[in-house]
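*Asks:* quick one, what's the 3D model for this:
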Amino acid sequence: MEEFRRDLLFLLHDVARLLRVDADKRARLQGMTRAQWAILIWLRRQPGISQKELSEILEVEPITVARLIDRLEARGMVERRPDPRDRRIWRLHLLPAASDMLLEIDDHRADMTRIVTEGIDDTSIEIMTEALMRMKATLTQEAHASRRGPDAMTADTREAV
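*Replies:* Sure, this is the predicted structure:
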């Protein structure tokens, strides 16, 4: 049983699941969803992103993003603007009404971070963060290589597979 509890992949999955559950609860208290929070955060990071690009980042269907944007538009937080070069593309932008919500989201994220890192020293947090960034980079590289096909894989990547 101890080996199962210390299984890295299960631990990563369980921690992520528990964070999602907590974020869902926090978002609901504000009449929102975690997905709407994610959209606001991504639009702050990448103003003018297209609905299609956002759906790829969030790993949901474009129609799902469209519906979420509809709700955020109705709340006066987001607006769609036509792409100046391609009229089929809508660019997404935050409106001033999103500012207060983003401040609240930031407060919740800081509280969640404080909770999950409680009792862990700064050095361990830094090492864990670096390790997770490395894992993400490796998996991202693998995903891109597999989309391009086996010829695009490096020798190191093929060896790992």
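
*Asks:* C-alpha from now on. contacts and neighbour counts both.
*Replies:* Noted.

*Asks:* near the closest residue to residue 50 other than its chain neighbours, how many other residues are there?
*Replies:* Closest residue to residue 50 apart from its sequence neighbours, by Cα to Cα, 6 or more residues apart in numbering: residue 91 at 4.5 Å. Residues lying near residue 91 (other Cα atoms under 10 Å) number 18.

*Asks:* residue 52 is in contact with residue 91, correct?
*Replies:* No. Using Cα atoms under 8 Å, residue 91 makes no contact with residue 52, being 9.4 Å away.

*Asks:* so which elements touch the helix or strand where the residue nearest to residue 50 lies?
*Replies:* Using DSSP states H and E, residue 91 sits within strand 90-94. On a contact count with 3 or more Cα pairs under 8 Å, 6 or more residues apart in numbering; DSSP states H and E, strand 90-94 meets helix 34-45, helix 51-58, strand 78-82.

*Asks:* select, out of the ones you listed, the one closest to residue 101.
*Replies:* Each of these has some distance to residue 101 by Cα to Cα; the shortest is helix 34-45, at 8.6 Å.

*Asks:* for the longest helix seen in the chain, what does the pLDDT average out to?
*Replies:* The helix spanning the most residues in the chain, taking DSSP state H as the definition, is helix 122-148. Averaging pLDDT along helix 122-148 gives 90.

*Asks:* try stretch 36-44
*Replies:* pLDDT averaged over stretch 36-44 gives 97.

*Asks:* for that stretch, which outside residues touch it?
*Replies:* Contacts to stretch 36-44, defined as Cα atoms under 8 Å, 6 or more residues apart in numbering, come from residues 27, 49, 54, 68, 69, 72, 92, 93, 94, 98, 102, 105.
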